[in-house]
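Undergrad: Prediction below, plus the sequence it came from.
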Amino acid sequence: MKRLKIPQLCFMLVSILGTIIFPAVHAKDYIDIEWTQLIPADDLAALMNPPDFIVDIEDGTAQDNVGALSELGDGNEVAMRFQAALQSNRVIDAFNDQNIRLPGFIVPIASDENQQVTAFFIVPYFGACLHLPPPPPNQIIYVEYAQGIAVPNIQAPFWFTGTIIIDQNENELGTSAYTMQIDSITPYEG
């Protein structure tokens with residue numbers, strides 16, 4: 001008969017007791033996704049290949065140049081497709097009701113009396129929705145989070161874990177093509 005060493009014996013006892021005392025919990029399986037997975041391939045291609053004149057637009061003047069994009073793009077197929085992608089609410093149906101984990105930033109929409117953020121957009125980069133034009137709706141996720149979260153630094157990224165749902169939400173800060181039922185929010189660590 002083979003003798004078990006103390007660490008092996010302890011591991012076996014913990015495993016057996018854990019099975020008896022704590023019934024199996026079926027944890028959700030989450031898939032890590034990238035923001036680019038939420039956007040149709042043709043929209044992504046249009047955004048990754050902007051018309052040449054876009055490069056000439058200075059930072060911070062995007063609001064003044066939104067109309068210029070339409071004017072300059074008249075008849076320019078690349079510019080028209082780029083503008084359509086900037087406003088696209090087209091989604092990837094396969095993500096509906098999927099358990100995902102996604103990194104992003106919080107854009108607060110509502111908070112409670114304790115200054116906990118209770119409704120917000122998740123966006124792919126800092127400053128989105130605060131500058132015009134905002135990301136396309138298919139790159140914004142709306143969240144209602146009743147328990148609230150303290151956001152002392154809106155420049156801080158987070159991991160968001162939960163169920164993503166195809167559901168459009170409009171707000172003065174932007175329009176989202178997705179919503180998310182949050183299971184957890186943790187500070188982002190690459």
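TA: Right, received. Where do you want to start?

Undergrad: so what's Q115 closest to, chain neighbours aside?
TA: Sequence neighbours aside, A150 is the residue nearest to Q115 in space, at 7.3 Å (criterion: Cβ to Cβ, 6 or more residues apart in numbering). Bear in mind the C-beta positions are built from the backbone N, C-alpha and C, glycine included.

Undergrad: likewise E189?
TA: E189 sits nearest to W159 (Cβ to Cβ, 6+ apart), 8.0 Å away.

Undergrad: Do I have it right that that neighbour meets I106?
TA: No. Using Cβ atoms under 8 Å, W159 is not in contact with I106; the gap is 11.7 Å.

Undergrad: Looking at these two, which one has more neighbours?
TA: More neighbours surround I106 than the other of W159 and I106, with 23 against 16 (other Cβ atoms under 10 Å).

Undergrad: Which helix or which strand is home to that one?
TA: strand 98-111 (DSSP states H and E).

Undergrad: now swap in T118 and tell me
TA: For T118, the host element (DSSP H and E) is strand 117-123.

Undergrad: hang on, the earlier thing: identify the residues contacting the residue nearest to Q115.
TA: Q115, Q116, V117 (Cβ atoms under 8 Å, 6 or more residues apart in numbering).

Undergrad: Now the buried members of those.
TA: Buried members of the contacts of A150, scored by 16 or more other Cβ atoms under 10 Å, are Q116, V117.

Undergrad: If we only consider the contacts of A150, which is nearest to N76?
TA: V117 (40.7 Å; Cβ to Cβ).

Undergrad: now the closest one: how far from Q83?
TA: According to Cβ to Cβ, to the nearest Å, V117 and Q83 sit 32 Å apart.

Undergrad: for N99, same thing?
TA: Distance from N99 to Q83, by Cβ to Cβ: 34 Å.

Undergrad: the more surrounded of these two?
TA: Ranked by neighbour count (other Cβ under 10 Å), N99 and Q83 place Q83 first, with 20 against 15.

Undergrad: Could you confirm that one falls within a helix?
TA: Yes. When DSSP: H, G, I helix; E, B strand; the rest coil is applied, Q83 is found to be in a helix.

Undergrad: That one and P124: what is the separation?
TA: 19 Å.

Undergrad: Retrieve the pLDDT associated with G190.
TA: G190 carries a pLDDT score of 69 in this model.

Undergrad: Sorry, slip of the keys, the one I care about is T163.
TA: Listed pLDDT for T163 reads 98.

Undergrad: Please apply the same query to Q147.
TA: 94.

Undergrad: Can you report how many residues lie near it?
TA: 9.

Undergrad: What is the three-state secondary structure of it?
TA: Three-state secondary structure (criterion: three-state DSSP) places Q147 in strand.

Undergrad: how far does stretch 83-100 sit from the chain's center?
TA: The chain centroid and the centroid of stretch 83-100 are separated by 11 Å under Cα atoms, centre = their mean, to the nearest Å.
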